[in-house]
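**Student:** Okay, here's the prediction I keep looking at, along with the sequence it came from:
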2 protein chains.
Amino acid sequence: MGKLYVIGVGPGDPELLTLKAVRIIKESPVICVPKGREEGSSLALSIVERAVPLDGKEIIEAHFPMRKTKKQGQGASGKWQERQGAEEKDELNNKWNEIAETILNRLRKGSDVAFLTLGDPAIYSTFYYLYDKLNTLHPGLNTEILPGVSSITSSAASAKISLGLADEKIAILPANYMGDLRSALETFDTVVLMKVHKVFDEVVKLLDEMDLLDRAAYISRAGMDDEKVFHNIRDAGPEDLNYFSMVIVKK
Amino acid sequence: MGKLYVIGVGPGDPELLTLKAVRIIKESPVICVPKGREEGSSLALSIVERAVPLDGKEIIEAHFPMRKTKKQGQGASGKWQERQGAEEKDELNNKWNEIAETILNRLRKGSDVAFLTLGDPAIYSTFYYLYDKLNTLHPGLNTEILPGVSSITSSAASAKISLGLADEKIAILPANYMGDLRSALETFDTVVLMKVHKVFDEVVKLLDEMDLLDRAAYISRAGMDDEKVFHNIRDAGPEDLNYFSMVIVKK
């Protein structure tokens, strides 16, 4: 059996690949990348192409099921699967199985496989759905996970903000957080809000109410070539709202 | 004026340096590294030395004031400075000024300076204390912050744990968290505890009470060569407790 490497390729700049990521990608005959409906899914490949020659490698572009989070405004309780029909559940399940079998097929032939994922694998990478599948189909699979630079710390670097010093507590809220946001802002020293484009106005309103508007930076297209940093969230306009948007509130 | 680069060198493995970190370090004639009383402070240099030749560069080892967090058990409120005598405060202040002046001196001569910091600069790096000083002494300083792999995501990679999927919320608690831990465990899907060696028994007791002991992984010397991962926190013994210890609770 070959070995499966799961590689965090960083947030966008090819120079933020680690030395190890570059070496393992060079050594792997098979590259697997997620490709979904939402923007960002095949970005991982375009980042790597700009730093590592991929000629002669097999590239598997796996269409990932992308309906993972609950719709905004449906409350914080319950898992996303519970709100999906049995049909959709089966479809997703089949999709994951298909991708897992494709990867296992290459590994069984003795090829190492490099699975690319945007940012860092531990930070909201859909790979972990696949990982469960792979481990069910083939328990004890030889896997190594390579951490990468996450879009969160990359945004903080661009905005020149420390996310935490000494005993300051950090909360990371990825989606569907309007119900919990006030309490998180009260309890934590730093709050990171992801995918904020969907609830931007509500977030700004709450920050204003809590007198925190001056403590909030907005990062549009965090980690991408065309990233924009707004040290004052008030300066961001509708044209700056997008999927890769992030707010860092530092009290 | 030269430019100041603040470089996250990752958690320990020299191969986790980014391509950009390597390039900028190679190009910088002056390297500044923190060196303090606590273990870890000069680690950044030893990581870089194993990946980049430093011959001919000026290496400034800056002794950093290291008393930053409150003592355990003194409660969550109040800032650390408030509990320190005026004398100690002056001493720390002088120390920061001294280091800032040393760096500014090199920048004024037109040399770029690479300031190395363990992990990622936004994640509890003492650099940001220095940054405040530098900006006070020289407003508008030309600075670029290079993000790196943090010990948090590196630990998650070693333990093969996702810190968050879909809309799961993550809390990062760095120190002095016993008072807030129960509530964080109730509210968040994933809780990361740093520097857990000081309160290990208390943490285990609370996790047991909350029936979360099976959901807690322990990583000793996170990111170092001799890192150890305990998928079951019960397996960690007193010999495994140290400054670079981390617990990931994933509900």
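**Tutor:** Thanks, I have the structure now.

**Student:** Can you mark which positions in stretch A:25-39 are buried?
**Tutor:** A:25, A:28, A:30-36 (16 or more other CB atoms under 10 Å in any protein chain shown). No exception for glycine: its C-beta is placed from N, CA and C like everyone else's.

**Student:** Can you tell me which of those is closest to chain B?
**Tutor:** Using CB to the nearest CB, A:I25 comes nearest to chain B of the buried residues of stretch A:25-39, at 12.2 Å.

**Student:** and the host helix or strand of that closest one, what other elements does it pack with?
**Tutor:** Per DSSP states H and E, A:I25 falls inside helix A:19-27. Contacts defined by 3 or more CB pairs under 8 Å, 6 or more residues apart in numbering or on different chains; DSSP states H and E place helix A:19-27 against strand A:4-8, strand A:113-117, strand A:143-146, helix B:19-27.

**Student:** So A:G56 belongs to a helix, correct?
**Tutor:** No - assessed with DSSP: H, G, I helix; E, B strand; the rest coil, A:G56 is coil; it does not lie in a helix.

**Student:** From the contact counts, what lies against the longest helix along chain A?
**Tutor:** The longest helix of chain A (DSSP state H) is helix A:86-108. Contacting helix A:86-108 under the criterion 3+ CB pairs under 8 Å, 6+ apart are the following elements: strand A:30-35, strand A:58-63, strand A:113-117, helix A:127-137.

**Student:** C-alpha coordinates for it, CSV please?
**Tutor:** Output of helix A:86-108 as CSV, limited to C-alpha atoms (Å, rounded to 0.1, in the frame of the first residue of the first chain):
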residue,chain,number,x,y,z
ALA,A,86,-32.7,10.9,2.8
GLU,A,87,-32.1,11.1,-0.9
GLU,A,88,-29.6,13.9,-0.6
LYS,A,89,-27.9,12.0,2.2
ASP,A,90,-27.5,9.0,0.0
GLU,A,91,-26.1,11.0,-2.8
LEU,A,92,-23.5,12.6,-0.6
ASN,A,93,-22.6,9.3,0.9
ASN,A,94,-22.1,7.8,-2.6
LYS,A,95,-20.0,10.7,-3.6
TRP,A,96,-17.7,10.3,-0.6
ASN,A,97,-17.4,6.6,-1.2
GLU,A,98,-16.5,7.1,-4.9
ILE,A,99,-13.7,9.5,-4.0
ALA,A,100,-12.4,7.3,-1.2
GLU,A,101,-12.4,4.2,-3.6
THR,A,102,-10.5,6.2,-6.2
ILE,A,103,-7.8,7.1,-3.7
LEU,A,104,-7.6,3.6,-2.2
ASN,A,105,-7.3,2.2,-5.7
ARG,A,106,-4.1,4.2,-6.3
LEU,A,107,-2.7,3.4,-2.8
ARG,A,108,-3.3,-0.3,-3.4
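
**Student:** Output the below-cut-off pLDDT ranges for chain A.
**Tutor:** Along chain A, the model assigns pLDDT under 70 to residues A:36-41, A:65-85.

**Student:** Out of the helices and strands packed on helix A:86-108, the one nearest B:A216 is which?
**Tutor:** helix A:127-137 (17.8 Å; CB to CB).

**Student:** Report the buried residues of that closest one.
**Tutor:** Per 16+ other CB under 10 Å, helix A:127-137 contains these buried residues: A:127-131, A:133-134.

**Student:** Could you dump these into TSV and include distance to A:I103?
**Tutor:** Listed next are these as TSV, based on distance: CB to CB, whole Å:
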residue	distance to A:I103
A:F127	11
A:Y128	14
A:Y129	13
A:L130	8
A:Y131	10
A:K133	9
A:L134	7
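
**Student:** Out of the residues you listed, the closest to chain B would be?
**Tutor:** For those, the nearest to chain B is A:Y128 (3.9 Å; CB to the nearest CB).

**Student:** wait, the closest one sits on B:L165?
**Tutor:** Yes - with contact defined as CB atoms under 8 Å, A:Y128 reaches B:L165; the gap is 5.8 Å.
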